[in-house]
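Engineer: pasting a predicted model and its sequence here:
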Amino acid sequence: MENKRHMGLRTLNRVSNTAIYVLLIIISIVWLIPFIFIVLQSFRVESTYQVGYVIPHQWGWDNYIKLWNSDFKRWYLNTFIIALAAAVFVTVIQLCMSYTLSRFRFKLRGPLMRFMLILGMFPGMLTMIILYRVLSDLGLTQANAVPGLILVSVASSGMGYYVSKGFFDTIPKSLDEAARVDGATRAQVLYKIILPLSKPIVIYTILTAFMGPWGDYVFARYVAMGTSAGYNVAVGMYSWLTNDQIARMYTTFCAGGVIVAVPVTILFLCLQKYYVEGVTGGAVKG
Amino acid sequence: MKKFLALVMALAMVLSLGVFANADSELAGEYDVTVWAPEAATELTEQQIADFNASNEFGITINATVEPVSEADAASNMDTDVSAGADLFFFAQDQLSRMIKDGAVTQLGQGAAAFVEANNNAAGLAAAKSGDGYFAYPLTADNGYFMYYDKSVVPEEDIDSLEAIIADCEAAGKNFSYELENAWYNAGFFFGTGCHNDWTSESDGSFTLSDDFNSDNGLIAAKGIYKLVSTDIYVNSSNADFASGSAVVVTGTWNYATIKEQLGDNFGVADLPSFEVDGESYHIGSYSGCKLLGVKPQEDAVKGAALNQLAQYLANKDCQLARFNEFGWGPSNNEALEDPAVQADPTLSALNEQGAFAVPQPNIPGNWWDIAKVITTDVKASDGSDAALQAALQKYEDSMAAADGVTLVK
Amino acid sequence: MKQYSDLEYLRLSKGQKFTYKLTSLLAAIPRGIGRFFANIGKGIKNGVVGLGSELKDIGATFAHGDWKTKTSYLVMGFGNLARGQILRGLLFLLFEVVFIVYMIFGGAHWMSMLPSLGKVGPTSEYNAVLDTYTTVYNDNSFKILLYGVLTIFFIIAFIYTWRVNVKQNKIMEQILKSGKKLKADKDDLRSMVDENFHATLLALPMTGILVFTVLPIVFMILVAFTNYDGSHNGYSNNLFTWVGLTNFNTMLSWTGGTGGGQSYSATFGEILAWTLIWAFLATFTNYFLGMGVAMMINKKGIRLKKVWRTILVMTIAIPQFISLLYVSKMFARNGLINLSLMDLGWIKQPLPFWEDATWARVTVVLINIWIGIPHLMLITTGILMNIPADLYESARIDGANAWQQYRKITLPYMLFITGPYLLTSFTGNMNNFNVIYLLTGGAPTNPAASGAAGSVGYTDLLITWLFKITTGADSQYYLASVVGIMVFVVVAFISLVVYNVLPSIKNEEDYQ
């Protein structure tokens, strides 16, 4: 009797596992299809516009060569510089902010956090025109868009402290206190005790800061204001999908998409472990 | 007294001539200039500016930076910030009112206006004019649309009838691409039934519209639109869709090369067809439009004058022909239009045939496009009854009567 | 409404508790508003009293102070310098010099222009000699408003610093009188990395936020009281100026409006409704499906866990403008999906993914699931693994099946932990610009709502509507500002309600 029930459970388990495998395979296909299609179309030679089939009739590197001969190199370099600078500075700023708000209890802490919560409720869309003017007065638009975009993405990044604060909150406070008793200054506590424990959240912050600029379109377009030298990849490639260019540049867009996505994806997959730890450690606290 | 006046006049003329001659040499010098040209034309424009530097009689040297900015984007960039905009820019004529409103184009002086008036066809002149003045130099007069079709689906004897074309497409399971949810395209049906839509622009940037879309003729046009949009083969698009299921596409010269490649031997091009309502046949009309070259207002009069010289050069016959040869852009310059190669071009001749039914696109404010395109949306959503179609037109008229900066007269 | 005592409250079922909390919160709103105004009154009273005592203190410090203190009233930091606190003294002095120089070379000018926002617009004249028109740009309303606001910020900062400077002199005198020693520069520096370390760490981030977030938001709010738009851009065509509450009247009145005959408030209401529906669907579909996928991958006996996870996570890494634009083209009427389905003979007519309002709305929600599941999968994976295993063990012994375990253990645990995340994700989805803009751009057009204020579509969220208002032929920034303020009000209201109704949010110390 007992044995039979056990058997039943096991078959049930096997059935449900098979169902899960089937589901997971379907999900994987759905999730990967667009990317596989983009890759396939980037190798299509016979036509440069949208067609009703996926597998190229004629394979080749034409679209990549076309990419190399366009301004794409410049846009890619711009985006890479912005992403790198953002990764460094945004990380420093966000960690300062979140560490302070997680660890210190000072008079203005509560009001400050409430104030930033309220600020975050205003739609940022509207402030773009103002930020554009400020940058333009500083001479950081058009050909100088790269430092301008770095400045803006770094300057307001303190607002995004939630995730890393959540992470710091999970590190026991008793560690700090023990070190303080031993005579360490608060700065020393940060460098010697907290930072070594915070590898996941540091890498998480670097990674998200690095990936952000690759997709920045609306504001980057404002700042570049029709100067190709100041475009990032999103602004540049978006212009290929306008009505007068899409027929000539559609497959080149796909090739550009591959070139943009591959390094970011590889980096992401390599650091995935830390990203997951950072997200789960921090995001749940919101 | 009269003699004295004549003397003064003569003296003034001599003086002014002298001054003008003097002015020419005053223009000598180097100028840093930014130019926005569509991506395809950047290299040619750089070349043409170099030619201008070498050949102009004023001693002007232009150090130009040519940026690829499409004609469609020029206005939205100017909306953001005129001070950072290019000194010289290509733009589509429907943006002229926006450019004037933004303060992004300068009015042409008398000499430049005379140059434009003397050299361009009617469509070009209508496009560049606002109120009494000219605000830009016409570069092309090919910004109109006509019909490309797949000869293997639509036989040549059917191309004059909208109903026959729809039947052919349905039979073959192919689509009909016509961007009717865009006022630039749907207005053609109204022009085809004899409706008018006349704009007068005032110098303060406001407009007066005289319009009879909401009329018996307008109802016929709406019925024509309904014939296409109520079918399952209608696609709201003006892209080169032949590779993705369409057998007919209404679009312009800019898609010629792609469509030619897509269709190969089945390539067909014609003017727009006619549609039939109550036994009467109406040829679908269209807009004919232009691409323009604008000059940004300058604080320095000398630089302004030099820029106008450059703009006149870029808008002249030779530069227009060079653009025709490289990209097939149809010229607006009268002499260039006489050129045998231009006359032999298949798309330009289709455009030319359609020209008999085309209305030169005047200077139209932005909100009209937003309001008029909704006619198609409403017609599509209706049941096609006279009352429903008339209601869509009534709504259009009410909206225009309420629109900012527009005075509607019946 | 009925008030429950604590004991009665505890006896209520979950649903009743929730309703009770919600209704009591809603009932509290009028009282809250009343209290808000009462507080304002109290605040003003306190402010006046406080100001009086501050002024009294400033006067007293001056009267009783020595010459070093008195000089500090004019030359900031003089007291510190004279008493050996060189570092503090120099900083005070430097700030004063910078302030005075700024006011002379611009600040005063901007302030004086602020009430009018400029008098002379650009002028154009014909130069007969060169046969050309020239334009002279004069005042610039935009700059006047921007730098005017900046100057006010600066003046407030200066007054505050000056007050600190005076107070420090008073304190220094007291310390010296009592025979103690003043802090040396060395101590000041040390405190920056120790007891005042938080100030050091926050200085840079907060400056950035002040200039690049607070200043623009203040500016944006002020724009709602001007007529700043495409034909009054303040620089190259017409200047703009203050118009008071006109824009709020336009927006809130039920007549007149968007050219299409529909009033702005009706249009706003329609878009708001869809924005809320969207935010709700986007948040919860992602939440539950993401959790489901995470549970499938984490289930005992499922192999290749890492592979499944990696496949999903890849979509996070690829920039949205590539994936979303591509997917948007795939679903187009003549896109890959329709063409393939027709080739297979499954459908005769293309499916109107982007042309029909309902289809488009469902499609954006579905594609958003595609975007969102990987994120949720990651987040929930970590939490699921943290649920104590013995909870499940004892449940199994009690004979609970999988569904009951999920209902009684997993879900409550998840909801408790992720409550705050759900709230931020809801408000985040309300402002999810990218997905809508890149997928549909708001299409299909909503004919009833379209007109002068940009063309409104059925999938437009408030945030994409805002964007449409500020771009395009008739960019009406003033209207966008009003809408922006209203979006703020809506988001703030929702957050307030959720904060008060959901358990577990406020006690952040619980986690440490």
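Structural biologist: Cool, the structure landed.
Engineer: hey, let's count contacts and neighbours off CA atoms from now on
Structural biologist: Will do.
Engineer: list the contacts for residue B:175?
Structural biologist: Each residue near residue B:175 by Cα atoms under 8 Å, 6 or more residues apart in numbering or on different chains is listed here: B:169, B:233-235, B:245-248.
Engineer: which of those residues come close to chain A?
Structural biologist: residue B:245 (Cα under 8 Å from any Cα of the partner chain).
Engineer: flag every residue of chain A that's near chain B.
Structural biologist: Near chain B, when you scan chain A using Cα under 8 Å from any Cα, you find A:49-52, A:129, A:222, A:225-228, A:243-244, A:247-248.
Engineer: circling back: from the contacts of residue B:175, which two are the most distant?
Structural biologist: Within the contacts of residue B:175, B:169 and B:235 form the most distant pair, 11.9 Å apart (Cα to Cα).
Engineer: who has more neighbours out of these two?
Structural biologist: residue B:235 (25 against 20; other Cα atoms under 10 Å in any protein chain shown).
Engineer: correct me, but residue B:110 touches residue C:131?
Structural biologist: Yes: contact criterion Cα atoms under 8 Å: residue B:110 and residue C:131 qualify, at 6.5 Å.
Engineer: these two: who's more crowded?
Structural biologist: Taking neighbours as other Cα under 10 Å, residue B:110 and residue C:131 compare with residue C:131 leading, 20 against 14.
Engineer: what residues are up against that one?
Structural biologist: Residues near residue C:131 by Cα under 8 Å, 6+ apart: B:109-111, B:305.
Engineer: quick one: it from residue B:127, how far?
Structural biologist: The gap separating residue C:131 from residue B:127 is 22 Å, by Cα to Cα, to the nearest Å.
Engineer: quick revisit: among the residues of chain A next to chain B, which ones are in helices?
Structural biologist: A:129, A:222, A:247-248 (DSSP state H).
Engineer: skip the chain neighbours and tell me the closest residue to the one residue in the stretch 101-250 of chain C that gets nearest to chain A.
Structural biologist: Nearest to chain A, among the residues of the stretch 101-250 of chain C, is residue C:208, at 4.2 Å (Cα to the nearest Cα). Spatial nearest neighbour of residue C:208, excluding adjacent residues (Cα to Cα, 6 or more residues apart in numbering or on different chains): residue A:155 at 4.2 Å.
Engineer: would you mind confirming that the one you found is in contact with residue C:212?
Structural biologist: Yes: contact criterion Cα under 8 Å: residue A:155 and residue C:212 qualify, at 6.3 Å.
Engineer: nearest residue to the residue nearest to the spatial centre of chain B other than its sequence neighbours?
Structural biologist: Most central in chain B under Cα atoms, centre = their mean is residue B:289, positioned 2.4 Å from the mean C-alpha point. With sequence-adjacent residues excluded and distances taken as Cα to Cα, 6+ apart, residue B:289 is closest to residue B:143, at 4.4 Å.
Engineer: sorry, back to before: which one (most neighbours) among the contacts of residue C:131?
Structural biologist: Neighbour counts for the contacts of residue C:131 (other Cα under 10 Å) peak at residue B:305, which has 26 neighbours.
Engineer: in three-state terms, label that one for me.
Structural biologist: Under DSSP: H, G, I helix; E, B strand; the rest coil, the three-state class of residue B:305 is helix.
Engineer: number of nearby residues for the nearest residue to residue A:244 once chain neighbours are set aside?
Structural biologist: Distances taken as Cα to Cα, 6+ apart put residue B:254 closest to residue A:244, at 6.9 Å, once the chain neighbours are dropped. Burial of residue B:254 is recorded as 22 neighbouring residues (other Cα under 10 Å).
Engineer: pLDDT at residue B:254, what is it?
Structural biologist: Residue B:254 carries a pLDDT value of 82.
Engineer: and what of the one 5 residues further on?
Structural biologist: If you check residue B:259, the pLDDT there is 90.
Engineer: buried set for the helix or strand containing the residue of the stretch 101-250 of chain C closest to chain A?
Structural biologist: Using DSSP states H and E, residue C:208 sits in helix C:197-209. Judged by neighbour count using 16 or more other Cα atoms under 10 Å in any protein chain shown, the buried positions of helix C:197-209 are C:197-202, C:204-206, C:208-209.
Engineer: what does stretch C:480-491 give?
Structural biologist: Neighbour-count burial for stretch C:480-491 [16+ other Cα under 10 Å]: C:480-488, C:490-491.
Engineer: before we move on, what SS does the closest residue to residue A:116 other than its chain neighbours have?
Structural biologist: Once flanking residues are discounted, residue A:116 sits nearest to residue A:159: 6.6 Å by Cα to Cα, 6+ apart. Assigned with three-state DSSP, residue A:159 falls in the helix class.
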